[in-house]
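A.B. asks: Fold the following.
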Amino acid sequence: LGLFAATPQAAQALPGSPRFAGTYDDPEFPGCPREIVPQGARVLIRGTDGEGPSCTGKSWEALGRRGRGAPDTLDGNQLLIDF
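C.D. replies: Okay, the predicted model is just below:
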């Protein structure tokens, strides 16, 4: 498992869907879903990496926060996640 550093990027919600919650596919790990769990203004993102449909790799969690609009630097349809 390699470690990397990345500049945080804001994720965009789909139009008309400002709330982030649910299970999503990650194109980098096909068949390995990602789950976003709202916790107030914070969000918990969890998933498992791996190869193939079994996703038997390492499980992980990351914390982030939802934007609240002005005067916050993030809009209400954005997430900031610290990986």
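A.B. asks: Dig out what the residue nearest to the spatial centre of the chain forms beta bridges with.
C.D. replies: Relative to the mean C-alpha position of the chain, the nearest C-alpha, by CA atoms, centre = their mean, is the one of Ile45, at 4.9 Å. Assessed by DSSP bridges, Ile45 has beta-bridge partners Ile36, Ala62.
A.B. asks: And it, how close does it get to Gly64?
C.D. replies: Ile45 sits 6 Å away from Gly64, going by CB to CB, to the nearest Å. For every residue, glycine as well, the C-beta is placed using N, CA and C.
A.B. asks: shared neighbours of the two, which are they?
C.D. replies: Listed as contacting both Ile45 and Gly64 by CB atoms under 8 Å, 6 or more residues apart in numbering are Ile81.
A.B. asks: After the helix or strand of the chain with the lowest mean pLDDT, which helix or strand is next? Please name it.
C.D. replies: Across the helices and strands of the chain, mean pLDDT, DSSP states H and E gives its lowest value to strand 10-12, namely a mean of 51. Once strand 10-12 ends, the next helix or strand along the chain (criterion: DSSP states H and E) is strand 22-24.
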